[in-house]
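Participant: sequence below, structure please.
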Amino acid sequence: MASLKALKLRIGSVKSTQKITKAMKMVAASKLRRAQEAAVAGRPYAERLEKVMGSLASKVTISASSPKLLAGTGSDQVHLIIVATSERGLAGAFNTNILRAARKKAEELAGAGKTVKFYIAGKKGRAVLKRFHAKQIVADHEMGYIKKLAFSDAQSIAEDVIRRYEAGEFDVAHLFYAKFQSALVQIPTGQQIIPVPLHEDSLEAGSGAAVEYEPDEEAILADLLPRNVAVQIFRGLLENAASEEGSRMNAMDNATRNAGDMINRLSIQYNRTRQAAITTELVEIISGAEAL
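Facilitator: So this is what the prediction gives:
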């Protein structure tokens with residue numbers, strides 16, 4: 001049985017930990033509000049641009065002169081999976097869920113006979129991917145320098161990915177991130193970003209309308225396609241930022257509650273041990289008195 005001194009030290013240690021987790025929860029809650037606002041504000045633009053790309057692409061006859069980001073390479077043998085995770089830990093299952101979804105997609109592609117490569121964006125994805133897919137990692141994009149997420153951060157990733165695509169390193173690119181729904185729910189999401197996927201609802205807005213493009217559709221696509229890749233990556237990073245803080249806030253709240261439960265258990269054990277020690281001492285005193 002632990003001594004009174006050891007129990008007292010343990011209670012003090014857990015109380016200190018509880019103060020830290022409570023403070024971290026408050027910080028995460030403060031950051032979450034701003035991150036959530038940015039993620040929600042970015043969704044309409046990213047979704048609309050994706051539909052516009054699909055709409056324009058549906059009006060273009062694919063030919064040798066078509067932008068490669070639209071026409072593709074003519075093959076779907078090599079797939080690049082961009083895994084966006086956080087730079088810091090203590091965020092519950094946030095990173096684990098993204099990695100699990102990305103690895104599941106990789107296994108499905110490998111099972112279909114495809115070649116899979118990984119592009120890492122975020123420190124917390126490195127260890128797992130290097131452990132299980134070390135030979136498949138083609139890039140590890142440094143993001144630790146980022147203090148406040150900006151579009152230029154996504155643009156640098158997009159430019160690197162597009163350069164690799166044009167160099168023939170892969171045929172299809174997928175982006176994996178966590179879509180923010182609430183502080184309790186973050187949904188691991190996979191999205192094809194290269195080449196532009198054609199959706200059936202891409203003509204939903206303005207369907208049947210007579211629209212003329214100036215310049216022509218291919219010229220517009222050549223300019224907008226690279227930007228669309230950057231916008232979709234930026235959207236994923238914004239969603240990740242909100243999801244990370246929401247998951248961290250929830251994790252720290254659970255840790256604070258668990259610390260409180262542990263303190264209660266240790267306090268009960270301390271009181272019982274103290275009572276037992278007092279009882280033992282009384283028995284010894286009474287036994288000594290009777291001996292006299």
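Participant: just checking, Thr280 is part of a strand?
Facilitator: No. Judged by DSSP: H, G, I helix; E, B strand; the rest coil, Thr280 forms no part of a strand; its state is helix.
Participant: could you list the low-confidence segments of the stretch 51-200 of the chain?
Facilitator: By pLDDT under 70, the low-scoring segments of the stretch 51-200 of the chain are 57, 60-65, 198-200.
Participant: show me where it has its strands.
Facilitator: 78-84, 115-121, 137-141, 172-180, 186-194 (DSSP state E, counting those that start in this stretch).
Participant: need the contact partners of the last one.
Facilitator: Applying CB atoms under 8 Å, 6 or more residues apart in numbering, the external contacts of strand 186-194 come out as 69, 80, 82, 94, 97-98, 100-102, 105, 161-162, 165, 172-181, 228-229, 232-233, 236, 239, 243, 246-247. Every residue, glycine included, has its C-beta placed from N, CA and C.
Participant: sheet partners, orientation included, of that strand?
Facilitator: Counting by DSSP bridges, the strands paired with strand 186-194 are strand 172-180 (antiparallel).
Participant: and the strand it pairs with with strand 78-84, angle?
Facilitator: Counting by axes from the mean of the first three to the mean of the last three CA atoms, to 10 degrees, strand 172-180 points 20 degrees away from the direction of strand 78-84.
Participant: how far out from the middle of the chain is strand 172-180?
Facilitator: 9 Å (CA atoms, centre = their mean, to the nearest Å).
Participant: kindly report the same for stretch 127-147.
Facilitator: On CA atoms, centre = their mean, the centre of stretch 127-147 falls 14 Å from the chain's centre.
Participant: list the buried residues for it?
Facilitator: 128-129, 133, 136-137, 139-140, 143 (16 or more other CB atoms under 10 Å).
Participant: ends of that stretch, what's the gap?
Facilitator: In stretch 127-147, first residue to last residue: 22 Å (CA to CA, to the nearest Å).
Participant: what's the residue lying closest to Pro195 once chain neighbours are set aside in contact with, if anything?
Facilitator: Closest residue to Pro195 in three dimensions, ignoring its sequence neighbours and counting by CB to CB, 6 or more residues apart in numbering: Gly72, at 4.2 Å. If a contact means CB under 8 Å, 6+ apart, then Gly72 has 171-172, 195 as its contacts.
Participant: so which of these comes closest to Asp223?
Facilitator: Nearest to Asp223 among the contacts of Gly72, counting by CB to CB, is Pro195 at 16.0 Å.
Participant: kind regards, and thank you for your time.
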